[in-house]
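In: Pasting the sequence and the predicted coordinates here, then a few questions.
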Amino acid sequence: MLANIPAFLAQWAVTALSLWIASYVFSGIRFANTSSLIISALMLGFVNAILRPVFVLLTLPLTVLSLGLFLLVINALLLMLVSKLIRGFTVSGFWTAFFASIFITLLSLFFGALLFGSALSWSSPMPMQPQWI
């Protein structure tokens, strides 16, 4: 269990860096201070780990019907949820969250590949994937 802590902290840092850069690219994303940025990155990781699979499962027919494009809507809604939960983190609207979630995902993928030294691949396992013995 303790072996996964460095990978968890690195992924948290990558998410925080991606959110910080997104706040400069998109004028509709704002952080009141550094602590709201760090807590938002942590909460986004938890929401993506816990709620995202539930939402994907519940909306599976719609996702299949839209050829997977509805997953982008789910990502935007989860980003808006985190902005509602964390004081000091604001997202101005759905379309800002929609395009920012795409940007954050691509940027996190890029930084994760640089940090973990893996090739950019949609099918590569996440660095925080549990190692069962």
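Out: Yes, it's here.

In: going forward, measure contacts and count neighbours with C-alpha atoms only.
Out: OK.

In: what packs against the helix or strand hosting A97?
Out: Using DSSP states H and E, A97 falls within helix 94-116. The contact analysis (3 or more CA pairs under 8 Å, 6 or more residues apart in numbering; DSSP states H and E) places helix 94-116 against helix 5-25, helix 70-85.

In: tell me the mean pLDDT for it?
Out: Helix 94-116 comes out with an average pLDDT of 89.

In: What separation do you get for the most centrally placed residue in the chain and L78?
Out: With distances taken as CA atoms, centre = their mean, L44 lies nearest the centre of the chain, 5.5 Å away. As judged by CA to CA, to the nearest Å, L44 and L78 stand 8 Å apart.

In: Please spell out which residues along the lengthiest helix in the chain are buried.
Out: Using DSSP state H to define each element, the chain has its longest helix at helix 34-58. For helix 34-58, the buried set under the neighbour-count rule, 16 or more other CA atoms under 10 Å, comprises 36-45, 47-48, 52, 56.

In: which strands and helices sit next to it?
Out: Judged by 3+ CA pairs under 8 Å, 6+ apart, helix 34-58 is in contact with helix 5-25, helix 70-85, strand 89-91.

In: ok now the last one, how far from the chain's centre?
Out: Centre-to-centre, strand 89-91 and its host chain are 14 Å apart (CA atoms, centre = their mean, to the nearest Å).

In: show me the contacts for F26.
Out: By CA atoms under 8 Å, 6 or more residues apart in numbering, the contact set of F26 is 96, 100.

In: Hmm, I typed the wrong one, I wanted S101.
Out: The contact partners of S101, taken as CA under 8 Å, 6+ apart, are 72, 75-76, 79.
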